Structures are given as structure tokens and as C-alpha cells.
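Enquirer: When you get a sec, could you give me coordinates for this:
(one chain, ligands or ions: 1)
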Amino acid sequence: MKKVAILGSTGSIGTQALDVIDQHGMQVTAIAAAHNVKRLAEQAKKYHPEAVCLFDPAGVEELRDLLRDEHTEILTGMEGLCQIASAKSHDILLNSVVGMVGLLPTLKAIEAGTDIALANKETLVAGGSLVMKNAAEKGVNIYPVDSEHSAIFQSLQGNSMNRIRKIILTASGGPFFGKTKAELKTVRAADALKHPNWDMGNKITIDSATLMNKGLEFIEAKWLFDLDPSQIEIVVHRQSVLHSAVEYEDYAVIGQMGVPDMKIPIQYALLYPNRVACPTHPLSLTEYGSLTFEKPDYETFDCLRCAIDAITEGGLRPAIVNGANEEAVYSFLRDEIGFLEIAELVRGAMEHVQGGAVTCYEDVLAADTAARAYVREQIAAK
Ligand code: MN3
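Expert: Sure thing, here's the model as predicted:
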């Protein structure tokens, strides 16, 4: 029986992973959540993990009380996430926390030699060079959970001898596809939280609306598949049926299709290389009738261009863009700034915050901190 530890167990990816785990009778050895005490306690009572971590220390007493009859270790904070990530009691760590907070636990899991199902894209955006270098040294496998990267990973199977020309990274286009900057000026958080194809958390939903999500995925793809930025083409595909594709040297394009349901990539990451029944439904191409493909609007959605510029420049620039974006998105969710200001703040941080080379985790953390401080200063000075 495969043993799984989940960081981010109460979120969208975490709960869908548990559906997959229920279907296949895997064992859950540890779970962690940011602040959803009640759901975390329910999960602990159902799965009886060895350890439970609530990142936010404010809720720990309540969690302790809810789990007083359980024999489970209760942890908190970054220390708790890292303790779970470093433990040797699971075969695979699913890292589905949101944000830069996921990077250190990823590095700890690699240090422990544990394979990772990676849904935390900021891990690779902010610390891609470190993560990939350390994983290679330790022989750790990183299985992508993000649907696009899973599709690329699936399209690479059996093709290790063949040369990749480029990858086609598909994008849904988000809820504001086709809109102009003038129309987006007055958008509020509530408008942006209606995403067409996927059910996700708030941070990633806003990232999808600004297209920063695709920018982060562009960087993620560069690191996961060892590509040059010029080898990644972003294509807007509104139906989210083709989840991404690989073009080989002979111009054959191999892609992966399926209904837009994260359980398929989650299951592939957890059970690789096995393909077994998944708790979702089949794809009916005739129900869709037609699939469309278009170029992204880089003019309106400047976050996307920022991310590509950042990884093209390299070093700490992607960590700066990521940190500035996180800070700006949470400000937007609190209605402190307008929709278009997210991209303006990210662009500002990209141009004004000191960059440099990535030599260790502390470099990444310092760049992230400086980018967030820049964004907060700009908002305070408004
Ligand atoms: Mn995705």
C-alpha cells in the first residue's frame, strides 16, 4: 500500500487527492493545512495520520481539542511542514500548499530523498534552479500535478530518445479573455473569482484572471523539462480539453486530452506509471464539437510578459516576480488595489528590486522579502 503525506490537504488539490486516495486505498501518513481547523480535524479522524500540521498557530489549541481522542502528533508553522516533509514514513509527498511557503518543505523532502508530487508551482518559480539541482543529486523524482505539466510529462513517456522542438502550453485564457484594459480597470475581486473551467483556490483563481498563472507555469515548465524559454509556446485554448502537448523534431505533436478535472493529473502523479480507473468522467469530444486555439493577449495581461521576461533574465528575477505577485494578489483580494495594479506592481518590482544569482535558499527568501516590501511600500504611498 502506497503511503502519502499531503501538505495542503484541505485545499482544492488536497481534497481531490483524498478522493483519489479513497478510490485506491492508499495510506495517509501526514496532513497539513494553512488554517482550516475543522476540515483538517475531520480528515485526521478519517485517515488517522501519524502527524497533523496546522500552519497558522492561532488555531492549534482548537485543533488539539478536536483531536484529543486521536493518537496523532500535532505540529504547527513552517517547522511543522518541514518535519512532515523530512519524515521517512511516506513513499511520496504531495506538496499542494499555495505560495512561496512551499519551497522550503520541497527542499526538505528532497534532502530526505523522498519523491514529490508537486502542485506548488511557486516552489519551481522561486527556487527552480536549486530544486532541480538538489533533486538530480539525490535521485528524487518530481512528478508534476499541474494539469499542463502532467500533460507534457505524459506526452514525453516512451520518447526519451527523441528530440523536443518545443512544448505547447495551453491556457484557458481566464475569466477576462477578450477584455481590454479599459474594461478591466474597475474589476473587483468578486468578479475575478468566477473562473470558467477549473475549481481552484482564491490565489490561483486571481492568477488565472491576470494570466500570471500561465506565466508561473511557463517558468515551472522551463525547470521541470529543462527547456530554453524560446521552446515554450503559450496557446489560449478556452475549452481546457487539450492539457498541453510536445512537438518533436519531426513536427509530430503529442498531447494529452481529457475532461478538465484535476483528479486525472493528481492520480497520475501519485500512481505513476500506472493508469487505472479514476474517480472522474470520460471525455466526449463530440459533446465539445470544436476546440479553439488562439494567441494570448500579452498587451492586456502584462503579468504573463513579466513572468517570461523574468525567467529569460534568470537568477533571482522569477523569485522577485513571484513574491511581488503574491503580495499584490492578496492586496487585490482585500480590495486594496485594482485589477490592473497587480501587473503594474509586479512590473515595478521586476524593474526596481535588486536581482542577482541564486546560490542558496536564503538568496531566494531575501529576494522574495524585498519584492513583497516593495509592493507594500507602493500601496502605502498611494
Ligand atoms: Mn495549470
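Enquirer: switch to C-alpha atoms for all contacts and neighbour counts from now on
Expert: Fine.
Enquirer: Report the contact partners of N95.
Expert: Taking CA atoms under 8 Å, 6 or more residues apart in numbering, we find N95 in contact with I6, L7, G8, G102, T106, I116, A117, L118, A119, N120.
Enquirer: rerun at 6 Å
Expert: Going by CA atoms under 6 Å, 6 or more residues apart in numbering, N95 touches L7, L118, A119, N120.
Enquirer: Could you report the distance from it to I168?
Expert: Applying CA to CA, to the nearest Å, the value for N95 to I168 is 25 Å.
Enquirer: before we move on, what about Q43?
Expert: For Q43 relative to I168 (CA to CA), the value is 38 Å.
Enquirer: neighbouring contacts of stretch 325-345?
Expert: V187, A189, D302, C303, V346, R372.
Enquirer: Wasn't V140 part of a helix?
Expert: No: counting by DSSP: H, G, I helix; E, B strand; the rest coil, V140 is not found in a helix; it is coil.
Enquirer: Distance of it relative to D226?
Expert: 16 Å.
Enquirer: hmm, back to that, would JSON lines of the contacts of stretch 325-345 with secondary structure and distance to T292 be doable?
Expert: As requested, the contacts of stretch 325-345 are exported to JSON lines (DSSP: H, G, I helix; E, B strand; the rest coil; distance: CA to CA, whole Å):
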{"residue": "V187", "secondary structure": "coil", "distance to T292": "26"}
{"residue": "A189", "secondary structure": "helix", "distance to T292": "28"}
{"residue": "D302", "secondary structure": "helix", "distance to T292": "23"}
{"residue": "C303", "secondary structure": "helix", "distance to T292": "23"}
{"residue": "V346", "secondary structure": "helix", "distance to T292": "30"}
{"residue": "R372", "secondary structure": "helix", "distance to T292": "37"}
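Enquirer: out of those residues, who has the most neighbours?
Expert: Greatest neighbour count in the contacts of stretch 325-345, by other CA atoms under 10 Å, goes to V346: 30 neighbours.
Enquirer: on that earlier part again, quick one: which of the contacts of stretch 325-345 is nearest to L270?
Expert: C303 (31.3 Å; CA to CA).
Enquirer: Remind me which helix or strand A117 belongs to.
Expert: Using DSSP states H and E, A117 maps to strand 115-118.
Enquirer: where do the strands sit along the stretch 101-250 of the chain?
Expert: Applying DSSP state E, counting those that start in this stretch to the stretch 101-250 of the chain gives strands spanning 115-118, 142-144, 164-171, 232-236, 242-248.
Enquirer: Make JSON lines from the ones you listed and add mean pLDDT and mean neighbour count to it.
Expert: Listed next are these as JSON lines, based on pLDDT from 0 to 100; neighbours: other CA atoms under 10 Å:
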{"stretch": "strand 115-118", "mean pLDDT": "98", "mean neighbour count": "25"}
{"stretch": "strand 142-144", "mean pLDDT": "98", "mean neighbour count": "24"}
{"stretch": "strand 164-171", "mean pLDDT": "98", "mean neighbour count": "23"}
{"stretch": "strand 232-236", "mean pLDDT": "98", "mean neighbour count": "19"}
{"stretch": "strand 242-248", "mean pLDDT": "98", "mean neighbour count": "23"}
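Enquirer: Generate TSV for those, with distance to E79 as supplementary columns.
Expert: TSV is the format used below for these (distance: least, CA to CA, whole Å):
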stretch	distance to E79
strand 115-118	19
strand 142-144	22
strand 164-171	35
strand 232-236	36
strand 242-248	35
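Enquirer: do you know which of these lies nearest E220?
Expert: Closest to E220 of those, according to CA to CA: strand 142-144, at 9.4 Å.
Enquirer: what lines up beside the closest one in the sheet?
Expert: The pairing partners recorded for strand 142-144 under DSSP bridges are strand 115-118 (parallel).
Enquirer: what's the weakest-modelled helix or strand in the chain?
Expert: Within the chain, confidence by mean pLDDT, DSSP states H and E is lowest for helix 189-192 among all helices and strands, at a mean of 88.
Enquirer: Would you mind measuring from the residue lying closest to T205 once chain neighbours are set aside to T210?
Expert: In this structure, T205 finds its nearest non-sequential neighbour in L193, 6.0 Å apart by CA to CA, 6 or more residues apart in numbering. Using CA to CA, L193 is found at 11 Å from T210.
Enquirer: So which of the two has more stuff around it?
Expert: T210 (27 against 19).
Enquirer: Can you list the residue ranges for helices in the stretch 201-350 of the chain?
Expert: 202-210, 212-224, 263-271, 285-288, 302-313, 317-333, 339-352 (DSSP state H, counting those that start in this stretch).
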